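Participant: kindly return the folded structure for what I paste below:
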Amino acid sequence: MTQYQANLDLDELRRPIARGLALAGLVGAWAWIAAASTVDQQPPPGETLAAPAVLLLGSIASLAAWRLFGPEVRGYLFLLGLAGAFLTGYRIFQDANWLYFQAVAVMVAALVVGVRPSLGLAVGISAAAILLRPPHLPPASLAPPLGVTWLCAFGSWLSTRNLYTALGWAMQSQARAWQTATEVTQRRAQLRRTLDSLRRAHSVLNRTLHELEEARSEAEDARRAKSRFVANISHELRTPLNIIVGFAEMICTAPEAYGLESASVELREDLLKVWRNAEHLLGMIDDVLDLSQIEASRLPVLPQPTEPLRLIRETLVSASILIRESGAELSVSLPSHAPVLDLDATRIRQVLLNLVNNAARYAPGGTIEVGAWSTDAEFITYVRDSGPGIPPERLDAIFNEFERVDSSVTLGNRGVGLGLTISKHFIKLHGGRIWAESELGRGSTFYFALPRPERRLPQQPVEPRRAQPHRSESRSQAGTLVVASDDPIAVRLLERHLEGLRVVAAPSEGDLAAVIRENHPEAVVLAPASEERLPQALEAARSLSRSTTGLDVPIVVSAVPTERTAGRRLGVSELLIKPVSGQELVAAIARIRSHPRQLLLVEDDEDMLGLLGRVIKRRWPAAQVASFTTAEGALAWLEEKQPDLPDLIVLDLLMPGMGGTAFLDLLQRSRLYRSVPVMVVTARRPAETAARSAPGEIHVVRESGLASGEIVRFLEMLTKALPPRYANEPQERQDTPATEPA
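Facilitator: Purely as a prediction, here's the structure:
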């Protein structure tokens, strides 16, 4: 509240006082008149009644102004009547004693109208008393009554000043209290509205959480269904494609086995294209299966030193049939030399195939030009066609999912609009860029640029990259991870799927200290090939942490599940995942038996069985090969051949009836058959299943210790990376082991 509002509250206190005094004055005046009328005195009664008449008029005026003016005006009217009555008596009776009654008027003034007006009234009374002094009264006679009046005035001023100050403070405090109470009431109302809104929001949130939980459950069911689907379809895709690749490889590398020594060059070229494109398709299938295993949201890339010009020429050979069928004329403009690039050949081949295929589809009967050039920083490849062109406003949109240049074209003729999206994704994973230029009616040009490392084309053929210290400059990665493992597949897996980290493979644990000092990694990973070597790896990590003085690097020790570790857990000598080339099959058999005399093949697909037998007979013509499409048939053959057992059993895991896992378990538990080495050739990837069949351990070693904040962040990431699995969750079906034969 303001000071003005506080003063209004003081006026409210003065109002009943002023009214009571006016009524008292009215009654007193009537009593005075009545008393004066009954007493015989001089001067005459008319003059005697003048003083009470003045008081009566003042009281009546104060009461009459009740509804017209405030309490101060009404108080002034009453005080004028009261002081005027005493001054009238003083003048009429010419007696200074009447002035003593003015002390009452001054004290009443201090109470009704305030301290300052009471002092003003004292001044007025003194002046009037001096002016109205009768001649016979000496001036000194006025001193006592006026002194009493001023004494009462000062006494009232001293007593009421603190009273009014305290009342003012009290009124202001009351006003503030009322204001606070009003604000509290408003806040309570606002709080009630907020609580109502929160209750409604809480209800909506509960419904949303319930819906999210249902959606999460559905998504989890879909994920498990997807995993089962991919696991099943992998066998259905890998086996026939392995047959295509295997026979195509046999025909191309050993045509004499089929009597095709005199086959035409065109036939051999066509078979070579079948072989190359089947391998390309198998590479893409591997990505789908890797996605299912690792549950990644991206397709990884594995850069290797690659000659881009050779890759472009091979890709154009693969696309030549489609170009011929479209009636387009192909021209190639390539430089004579180009730098070696670190790239994933499968991914870049798919990008170039997508662009060339799009050009052939949109420019039938036209021209297609494929070219490339180098700058200091990039190697740029382009595909230009003479098609209808792309509107300028669509140039950016065509790289979005399900976007096509001409929406009127049927999906069967032009695809669903994912090729450019996938191409953009692959180029970005290489740290490059892709864009398009087009002019309506004149055609389009698609460019993609890949980062160029600082090295020249080698004079000798490029060898595949091995597990050795290296840098992948094209990835432009921020951090470095040093990996030491006696399983190169584990190094390859980490390199392929770790995003945002450049993997540097150390040749051995003994070279780790030097590699750490050279690369300053964010972390070091020791990945032993088996869980049995975890204690030795952990001790090596502790020793390394103590020996690398000045380099406080966290060291992670854990076995990475790969096909090799899965093979060890299964108890087999070798484990190959389809597709398997003839060279891989022969090399794996030679590692087990350099000159096998007799082999047992167990594979449910007859075509695959024939391919395996043909590859083996070509390498070891004198070897005897027994082939069976069921595990039961193979088991019966083994019982018949006792004690003459085969040198090697080649086994598929997924078979009807007795599964390959059950057959393998039976062999391992049999005293007679457990000595026969087994090599698994299967489309099923057992690494993740084998990893979940035994306890897993992850150790983190750092010489300087771990702070509480680091542990908290580590636990936060750990709970996200390792979700719990409970007994009520559906598990993958496992083959039931058979009992040991009698």
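
Participant: okay, now the domains of the chain?
Facilitator: Per automatic domain parsing, the domain ranges recorded for the chain read 3-173, 304-451, 473-563+698-721, 579-682.

Participant: ok now the last one, how far from the chain's centre?
Facilitator: The chain centre lies 50 Å from the centre of domain 579-682; the measure is CA atoms, centre = their mean, to the nearest Å.

Participant: try stretch 210-221
Facilitator: 19 Å.

Participant: so who does the closest residue to residue 358 other than its chain neighbours touch?
Facilitator: With CB to CB, 6 or more residues apart in numbering as the measure, residue 419 is the residue that lies nearest to residue 358, at 6.5 Å, once sequence neighbours are left out. Yep, even glycine has a C-beta here, placed from its N, CA and C like the rest. Residue 419 makes contact with 354, 357, 358, according to CB atoms under 8 Å, 6 or more residues apart in numbering.

Participant: same question, residue 391
Facilitator: Taking CB under 8 Å, 6+ apart, we find residue 391 in contact with 438, 440.

Participant: which stretches of the stretch 301-450 of the chain form helices?
Facilitator: Assigned helices in the stretch 301-450 of the chain, in chain order: 308-318, 320-326, 345-362, 411-414, 419-429 (criterion: DSSP state H, counting those that start in this stretch).

Participant: which of those helices sits most buried?
Facilitator: Of all the helices of the stretch 301-450 of the chain, helix 345-362 has the most neighbours on average by mean count of other CB atoms under 10 Å, namely a mean of 23.

Participant: relative to helix 419-429, how tilted is that helix?
Facilitator: For helix 345-362 against helix 419-429, the angle between stretch directions is 150 degrees (axes from the mean of the first three to the mean of the last three CA atoms, to 10 degrees).

Participant: tell me if I'm right that residue 130 and residue 143 touch.
Facilitator: No. When contacts are counted by CB atoms under 8 Å, residue 130 is not listed as touching residue 143 (10.8 Å).

Participant: circling back: would you format the contacts of residue 419 as JSON lines with distance to residue 394 included?
Facilitator: Compiled in JSON lines, those are given as follows (distance: CB to CB, whole Å):
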{"residue": "354", "distance to residue 394": "17"}
{"residue": "357", "distance to residue 394": "19"}
{"residue": "358", "distance to residue 394": "14"}
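
Participant: looking at this, residue 644 is in a strand?
Facilitator: No. Per DSSP: H, G, I helix; E, B strand; the rest coil, residue 644 lies outside any strand segment and is coil.

Participant: which strand residues bridge the closest residue to it other than its chain neighbours?
Facilitator: By the measure of CB to CB, 6+ apart, the closest residue to residue 644 outside its immediate chain neighbours is residue 598, 7.7 Å from it. Here residue 598 shows beta-bridge partners residue 624, assigned using DSSP bridges.

Participant: what's the helix or strand hosting residue 514 packed up against?
Facilitator: In the assignment (DSSP states H and E), residue 514 maps to helix 512-519. Other elements packing on helix 512-519 under the criterion 3 or more CB pairs under 8 Å, 6 or more residues apart in numbering; DSSP states H and E are strand 479-484, helix 534-547.

Participant: can you name every helix or strand that the helix or strand just after the last one contacts?
Facilitator: The reference is to helix 534-547. Sequence-wise, the next helix or strand beyond helix 534-547 is strand 555-557, with elements assigned using DSSP H and E. Using 3+ CB pairs under 8 Å, 6+ apart as the contact definition, the elements that strand 555-557 packs against are strand 523-526, helix 534-547, strand 699-701.

Participant: thinking again about what came up before, how far does the helix holding residue 514 sit from the chain's center?
Facilitator: Here helix 512-519 shows a centroid-to-chain-centroid distance of 34 Å under the convention CA atoms, centre = their mean.

Participant: can you list the buried residues in it?
Facilitator: Of all the residues in helix 512-519, those buried under the rule 16 or more other CB atoms under 10 Å are 512, 513, 515, 516, 519.

Participant: out of the residues you listed, who's nearest residue 568?
Facilitator: Nearest to residue 568 among those is residue 512, at 23.8 Å by CB to CB.

Participant: that closest one reaches residue 482, doesn't it?
Facilitator: Yes. Counting by CB under 8 Å, a contact exists between residue 512 and residue 482, whose distance comes to 6.8 Å.

Participant: using the three-state scheme, assign residue 595.
Facilitator: Three-state secondary structure (criterion: three-state DSSP) places residue 595 in coil.

Participant: neighbours around the nearest residue to it once chain neighbours are set aside, how many?
Facilitator: Sequence neighbours aside, residue 620 is the residue nearest to residue 595 in space, at 7.0 Å (criterion: CB to CB, 6+ apart). For residue 620, the tally of surrounding residues (other CB atoms under 10 Å) stands at 19.

Participant: repeat that for residue 495.
Facilitator: Residue 495 has 23 neighbouring residues, counting by other CB under 10 Å.

Participant: report the contact partners of it.
Facilitator: Contacts of residue 495 were listed using CB under 8 Å, 6+ apart, and they are 302, 483, 503, 505.

Participant: and of those, the nearest to residue 116?
Facilitator: Looking at the contacts of residue 495 and their distance to residue 116, the nearest is residue 503, at 93.3 Å (CB to CB).

Participant: who does that closest one bridge with?
Facilitator: Each beta-bridge partner of residue 503 is listed here, defined by DSSP bridges: residue 481.

Participant: so who does it touch?
Facilitator: Here residue 503 is in contact with 472, 480, 481, 483, 491, 494, 495 (CB under 8 Å, 6+ apart).

Participant: can you give me the neighbour number for the nearest residue to the fourth one once chain neighbours are set aside?
Facilitator: Which is residue 483. What sits nearest to residue 483 in space, not counting adjacent residues and going by CB to CB, 6+ apart, is residue 525, at 4.6 Å. In terms of burial, residue 525 registers 24 neighbours under the definition other CB under 10 Å.
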